[in-house]
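A.B. asks: After the sequence you'll find the predicted model.
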Amino acid sequence: MISIGFDGKRAANNLTGLGNYSRSLISGLIEHFPQNQYFLYTPKIKDHPQIARFLNADGLTVVNPPSAGPMWRLLHIKKNLVSEGVSVFHGLSHELPIGLNKVGIASVVTIHDLIFLKFPQYFNTVDRWIYTWKCRYACRNADRIVAISECTKRDIVSHFNVRPEKIDVVYQSCDDSFKRVATDESKQNALRKYRLPKQFILCVGTIEERKNLKILIKALPLVEPPIKLVVIGRQTVYYKDVLKEIELLGLQDSVLFLQDVSFADLPSIYQLAELFVYPSLYEGFGIPIIEALFSGIPVIAAKGSCLEEAGGPNSIYVDPRDEKALSSAINNVLRSAELRKEMSSKGLDFAQRFNNQIIANDLMNIYAIAAAKYKHQSHVKI
């Protein structure tokens with residue numbers, strides 16, 4: 001048995017992205033290694049059913065100090081970790097408390113991406129400085145680093161001069177709801193609730209410049225026969241640029257934006273789609289691609305980052321700046337039922353490497369290696 005603590009900032013507050021990653025990882029560990037003790041540390045908890053279900057799971061102890069100050073996660077959390085007898089602390093999103101090694105607690109940090117260094121124009125100066133400082137500190141002081149892709153591992157080595165042997169690549173999974181076939185009733189409910197077209201291309205992700213939705217909008221008039229596009233994602237200022245492109249091309253009736261989609265409805269929407277397109281310029285991994293593969297739909301994604309690692313050899317990859325190449329790939333998939341069937345079947349087979357059991361096993365091996373360094377060292381009281 002081992003006691004493992006997690007930074008719960010994302011798991012207890014984010015409904016997408018890093019929140020989904022954190023909840024999926026912890027749930028998988030609890031399921032496959034129930035003999036361990038699991039502690040989640042978070043001073044804030046978002047009031048939402050999805051988060052409440054996770055926090056109330058058997059096997060998880062939530063430490064929620066309501067009076068914690070702004071420096072608690074960085075400095076004062078160590079008192080809680082020592083008092084709870086935590087052996088390994090896992091920072092799930094780029095950062096670690098300062099000085100864990102001095103109190104005899106092993107540390108693991110997950111680095112998702114270094115987008116703030118690869119694309120600094122998308123971040124203000126202060127945020128970029130903070131992200132860089134936290135990430136550099138965590139990478140230099142962690143006992144082990146978890147990179148969510150080989151692409152991210154290369155970036156860590158390049159930007160922070162970290163030894164490659166210190167970094168373990170552990171891919172992500174997605175929520176188990178995407179791994180089950182949706183019932184006909186749930187699909188019909190989703191069709192009615194969101195007024196979905198009978199046939200559509202699906203794109204899921206925050207509507208921001210890096211996600212590159214405009215290239216898909218530009219490709220849409222070149223798709224024959226015409227098909228509608230359904231977009232699910234939080235809107236940013238980039239959304240206005242996308243709307244201008246839609247108006248310029250006369251596609252107002254061809255694109256449906258959905259917001260506030262219930263997480264419980266997402267698997268049905270995926271499984272209703274003809275095709276999933278993810279034209280992002282850069283990602284650390286790309287969980288929506290995994291969701292699409294487990295949903296059994298073909299995937300077209302962008303070249304240039306890590307998306308080939310997520311989508312596997314039977315998805316299609318195109319230059320994210322070339323709308324003609326993207327439209328050609330879409331046409332090839334939509335016109336061939338045989339190709340769609342092959343991509344769906346082989347994509348689902350490929351996705352099995354992202355199942356919770358494999359990821360949980362990999363993580364437990366990493367925790368054991370990290371904890372071994374402190375095997376004969378007692379916790380230091382603070």
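C.D. replies: Thanks, I have the structure now.

A.B. asks: And N161, how far from C139?
C.D. replies: N161 sits 9 Å away from C139, going by CB to CB, to the nearest Å. Any C-beta I mention is one placed from the backbone N, CA and C, and that applies to glycine too.

A.B. asks: Sorry, wrong one. I was asking about I316.
C.D. replies: From I316 to C139 the distance is 34 Å (CB to CB).

A.B. asks: could you list every residue that touches D319?
C.D. replies: Shown here is D319, whose contacts under the criterion CB atoms under 8 Å, 6 or more residues apart in numbering are 302-304, 325.

A.B. asks: next one: E31
C.D. replies: E31 sits next to 356, 360 when contact means CB under 8 Å, 6+ apart.

A.B. asks: and V231, what are its bridge partners?
C.D. replies: Beta bridges link V231 to C203, F257, judged by DSSP bridges.

A.B. asks: and it, how many neighbours does it have?
C.D. replies: Residues within reach of V231, counting by other CB atoms under 10 Å, total 23.

A.B. asks: now swap in Q235 and tell me
C.D. replies: If you count neighbours by other CB under 10 Å, Q235 ends up with 15.

A.B. asks: picking that back up, with neighbour numbers in mind, choose between N161 and C139.
C.D. replies: Set N161 next to C139 and count neighbours by other CB under 10 Å: C139 wins out with 23 against 10.

A.B. asks: so how far is stretch 196-206 from its chain's centroid?
C.D. replies: Centroid separation for stretch 196-206 versus its chain: 19 Å, with CA atoms, centre = their mean, to the nearest Å.

A.B. asks: again but with stretch 354-365, I slipped
C.D. replies: 16 Å.

A.B. asks: ok, and what's touching that stretch?
C.D. replies: Stretch 354-365 is contacted from outside by 24-25, 27-29, 31-33, 146, 168, 170-174, 176, 179, 290, 294, using CB under 8 Å, 6+ apart.

A.B. asks: looking only at pLDDT, what's the mean for that stretch?
C.D. replies: On average, the pLDDT along stretch 354-365 is 95.

A.B. asks: If you count neighbours, what's buried in stretch 240-250?
C.D. replies: Neighbour counts over stretch 240-250 (16 or more other CB atoms under 10 Å) mark 242-243, 245-246 as buried.

A.B. asks: Can you pull out the residues in contact with it?
C.D. replies: By CB under 8 Å, 6+ apart, stretch 240-250 touches 207, 209, 213-214, 217-218, 220-221, 252, 254-255.

A.B. asks: Serialize the residues you listed to TSV and add fields for pLDDT.
C.D. replies: Below are those laid out as TSV (pLDDT from 0 to 100):
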residue	pLDDT
I207	95
E209	93
L213	98
K214	97
I217	98
K218	98
L220	97
P221	97
Q252	95
S254	97
V255	98
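
A.B. asks: which residues sit in contact with A68?
C.D. replies: By CB under 8 Å, 6+ apart, the contact set of A68 is 43, 76.

A.B. asks: and it, what pLDDT?
C.D. replies: pLDDT at A68 comes out at 79.

A.B. asks: shouldn't L348 be in contact with E291?
C.D. replies: No - L348 is not in contact with E291 according to CB atoms under 8 Å; the separation is 11.9 Å.

A.B. asks: Give the bridge partners for the nearest residue to V63 once chain neighbours are set aside, please.
C.D. replies: Using CB to CB, 6 or more residues apart in numbering and skipping residues adjacent in sequence, the residue nearest V63 is Y41, 4.8 Å away. For Y41, the beta-bridge partners are D7, V63 (DSSP bridges).

A.B. asks: what about Y41, how many neighbours?
C.D. replies: 26.

A.B. asks: Look at F276 and give its secondary structure.
C.D. replies: Put simply, F276 is strand when judged by DSSP: H, G, I helix; E, B strand; the rest coil.

A.B. asks: For it, which residues are in contact?
C.D. replies: Going by CB under 8 Å, 6+ apart, F276 touches 201-204, 270, 288-289, 292, 295, 297-300.

A.B. asks: What is the nearest of the residues you listed to L60?
C.D. replies: The closest of the contacts of F276 to L60 turns out to be P288 (CB to CB; 25.9 Å).

A.B. asks: how about the helices in the stretch 51-200 of the chain?
C.D. replies: 77-83, 115-118, 125-141, 150-160, 184-193 (DSSP state H, counting those that start in this stretch).

A.B. asks: Looking at the ones you listed, which is nearest to A372?
C.D. replies: Judged by CB to CB, the one of the helices of the stretch 51-200 of the chain that comes nearest to A372 is helix 125-141, at 17.2 Å.

A.B. asks: what helix or strand does the residue nearest to F39 when sequence neighbours are not counted sit in?
C.D. replies: Here the nearest residue to F39 in space, its sequence neighbours aside, is G5; by CB to CB, 6+ apart that works out to 4.5 Å. Taking DSSP states H and E as the criterion, the element that holds G5 is strand 3-7.
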